[in-house]
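Engineer: model this:
(one chain, ligands or ions: 3)
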Amino acid sequence: MDSSSSEMEHGNLPQPISGLDHRLHVAIIMDGNGRWAKKRGLPRIAGHRAGAHAVRRVTDAARELGIGTLTVFAFSSDNWQRPVTEVSALMRLFHRYLRWEMGRCLKDGVRLSVIGRRDRLPQWLVKEIEHSEEVTRHEKRLHLRVALDYSSRDSIVAAARQAQHMKDEGFDIDRDSFQSLLSALNRDQVKDVDLLIRTSGELRLSDFMLWECAYAELYFTSVLWPDFKKEHLSEALDEYSRRDRRYGAVKETALAAAAETQAETAEVLGD
Ligand code: IPE
Ligand code: IPE
Ligand code: MG
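Structural biologist: Numbers count the residues shown, from 1 in each chain. Ligands and ions are numbered 1, 2, ... in the order given. Predicted coordinates for the structure are as follows:
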């Protein structure tokens, strides 16, 4: 999140979010590549390579299942702490993935974009990212967003800094305007996450889309990312369809029940 990026020039107030794709936004924390490789006696990078194949498979599945936006966590800002050999192999893998996938994306109507910081990525990777985004920018069937060098807390801090600068120019900070700023820093305006999936059995968010997941349904599975297939995504969507999203409100049926119990409540509270 380079705060000097063109979208965020001073005076260039973010536009209100309009014309959003209202189909489902699914986000995935693709975890377990290392354990997948270890189980097979392979180096960790073999797990990452298998993980890249899983991204391709799951992108196809998401498109077939009618998902509008798929955001996948590929490299967190905290992942720089990993051994330099693993990090550099990952960077080469991302580059190769973008090269391979561009043709397929175009054929399948997939718009590809990358969120996260770019100033610490190698230049040859940034070039490939910009090229993939440019070439696929008009595709509408599925929006695939890959989070690279991404930290949700860093994004929020960057947006807050920006808001502070823009206050003098009449920028009024509220939920919507702040959200627009945050999205603009990620060069995108997309709806909040509806369903967040994490593979490999870990039950945490690891600094992924904390704001955007405020009301996301969470789905955890012990399947390791390289083993994740269409059937697993379908299972997660089935589970999602059984969830009751209330956003803090009360459903109509619940309202009726509440009316019936008003008398009981008064009694309990001693009114
Ligand atoms: C996720 O798999 C991919 C990245 C974080 C780059 P891991 O590499 O975290 O796999 P585990 O958690 O060690 O199994
Ligand atoms: C989160 O996984 C980041 C990605 C999947 C890219 P990690 O493996 O880095 O997360 P922790 O360290 O287990 O929380
Ligand atoms: Mg992990």
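Engineer: confidence score at Glu252?
Structural biologist: The score at Glu252 is 73. That number is its pLDDT.
Engineer: Sorry, slip of the keys, the one I care about is Trp225.
Structural biologist: 99.
Engineer: Residues of the chain that sit close to ligand 2?
Structural biologist: Ile29, Met30, Asp31, Phe73, Ala74, Phe75, Ser76, Asn79, Glu202, Arg204, Ser206 (CB under 6 Å from any ligand atom). All C-beta atoms are positioned from the backbone trio N, CA, C, and that covers glycine.
Engineer: Mind checking which of the residues you listed land in strands?
Structural biologist: Among these, DSSP state E puts Ile29, Phe73, Ala74, Phe75, Ser76 in strands.
Engineer: ok, the second one to Arg137 distance?
Structural biologist: The reference is to Phe73. Distance, Phe73 to Arg137, by CB to CB, to the nearest Å: 22 Å.
Engineer: More neighbours: the two, which one.
Structural biologist: Per other CB atoms under 10 Å, whichever of Phe73 and Arg137 has more neighbours is Phe73, with 26 against 10.
Engineer: check contacts around that one.
Structural biologist: Residues near Phe73 by CB atoms under 8 Å, 6 or more residues apart in numbering: Ala27, Ile28, Ile29, Met30, Ala147, Tyr150, Ser206, Phe208.
Engineer: that older thread, in JSON lines, list the ones in strands among the residues of the chain next to ligand 2 along with pLDDT.
Structural biologist: What follows is these, written out as JSON lines (pLDDT from 0 to 100):
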{"residue": "Ile29", "pLDDT": "99"}
{"residue": "Phe73", "pLDDT": "98"}
{"residue": "Ala74", "pLDDT": "98"}
{"residue": "Phe75", "pLDDT": "98"}
{"residue": "Ser76", "pLDDT": "98"}
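Engineer: In the residues you listed, find the pair that's most separated.
Structural biologist: Using CB to CB, the pair of those lying farthest apart is Ile29 and Phe75, separated by 11.6 Å.
Engineer: for Lys230, what are its contacts?
Structural biologist: If you count contacts by CB under 8 Å, 6+ apart, Lys230 has them with Arg57, Val58, Asp60, Ala61, Glu64, Leu65.
Engineer: Only the buried members of those: can you turn that into a ChimeraX selection?
Structural biologist: Buried residues among these (16 or more other CB atoms under 10 Å), as a ChimeraX selection:
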select :58,61,65
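Engineer: for the contacts of Lys230, which one is nearest ligand 2?
Structural biologist: Lowest distance from ligand 2 to the contacts of Lys230 (CB to the nearest ligand atom) belongs to Val58, with 13.5 Å.
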